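> Have a look at this prediction, sequence included:
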Amino acid sequence: MELLASSYWRDRELAGLQFTANRFVQREIRAHRHGGYTLSVSDTELHVRTSAGVTVVPPGALLRIGPQVWHSIKARSTPWREDAMYCSVAVARCVNPVPEADDGMPGAEPAPVSVFACEPWGREFSQCHRLLHEIADTGREDAGIAARALVRRLLAQWIPLQAGWTTESGDADDRLRRSYGLIATGFQQRLTLDDLAEAVNWHPIHLHRRFKDTWGFTPHELLVGHRIEYARDLMAGGARVTYAAHAAGFSDQSHLHKTFMSTYAVAPSEYRRLSALDALQPPAARNGIVD
C-alpha cells in the first residue's frame, strides 16, 4: 500500500494504547481482523465489508469494529486520512476500571460494526488523537494530562466491556463451516479453490458464491487474511520477517511486505520492532493488535 504519511505509536501512560495516523493513496484495505477493538475516524466516506454486509461510514463519524471481526475497507475518494486506535478489553479495563455493576454499555450485544455519526464522539476522538499524536511527535507533555483524562472518561462509552462477538456466521451450513475450517488450518500450504470444492463435494463456482454470500469474503481473501494474521503473530513473538513470511505460506519476504502494508499500513520490520516493546509490558497492558 502506498502511503503519503504514516505514524504508528503507543501511549505508555494509557496502558500501551496503540494509535495510527495514516494518509492513504490506495482506496482499499484488504480483509483482516484484530484481537481487540478498532476505533477510527476518516475524512472520507468508507464502505466497511463484513459477513453481515456493507456498512457505510460518513466522513467524521466514529467507527467501531469488534474483536475478531473479518473486515475490509474501501474509501470513496483518495487520498484519504484515517486516525485509529486499537484497544483490547484488558487495556480498556486498565485505562478506566469500572465497577461490575456499571460494566460497559447497557442493552443488547452490540453489532460487530458500529457507526456513531450523530454523537460528538467523532469530534472528541479526533481531538484526543490529535493531542496524543502531538505528544508522540514532539515529546511535549503539556497537553497530555487533558487528552488522557478525556480518553479515560470516554473509553467506557466507546468500548462495551461486557460484550463479545462470535467469529462464525450463523447462516453457514456444515460444508461451508468445513471449507472455512480447511482454510483456517491449512493456510500455510498451497490451497486452491478446486481443492476446497473437492473436499466439500461442491462445484468450485458454487462454493465460491456460497462462501462469499455467507462469510462476506471469497475463500482466497480469507486464505490471505489467515496468512497475514499468522505472520503478524509470529513477528509479535519475535520471529524474523523472512521466517514469518515462509512459515505463513507467502512465496517470499517481498510478498509478505506488500500484503502487510496493504493490510496494516505499517512495514513488517517496524511492526516487529514495536511488538518487541509490547513484550516488555504485562499481558494486561498490551495493545489490541498484538493481543
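In hand now; what should we look at?

> Show me the shaky parts of the stretch 151-291 of the chain.
Low-confidence segments of the stretch 151-291 of the chain (pLDDT under 70): 161-172, 277-291.

> rerun at 50
Low-confidence segments of the stretch 151-291 of the chain, defined by pLDDT under 50: 163, 280-291.

> Quick check: Ala184 touching Gly225?
No - if you go by CB atoms under 8 Å, Ala184 and Gly225 don't touch, sitting 9.9 Å apart. All C-beta spots, glycine's among them, are computed from the backbone N, C-alpha and C.

> higher neighbour count, the two?
Gly225 (23 against 14; other CB atoms under 10 Å).

> how much space between that one and Ala244?
With distances taken as CB to CB, to the nearest Å, Gly225 is found 15 Å from Ala244.

> quick one, helices of the chain?
Under the criterion DSSP state H, helices of the chain are mapped to 89-95, 121-138, 144-158, 174-186, 193-200, 204-215, 219-236, 241-247, 253-264, 268-278.

> can I get those in a markdown table with distance to Val41?
Formatted as a markdown table, the helices of the chain follow (distance: least, CB to CB, whole Å):
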| stretch | distance to Val41 |
| --- | --- |
| helix 89-95 | 18 |
| helix 121-138 | 5 |
| helix 144-158 | 11 |
| helix 174-186 | 32 |
| helix 193-200 | 37 |
| helix 204-215 | 27 |
| helix 219-236 | 24 |
| helix 241-247 | 31 |
| helix 253-264 | 18 |
| helix 268-278 | 22 |
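
> Tell me which of these lies nearest to Ile65.
helix 144-158 (11.8 Å; CB to CB).

> coming back round to it: which one of the helices of the chain lies closest to Arg30?
helix 253-264 (5.3 Å).
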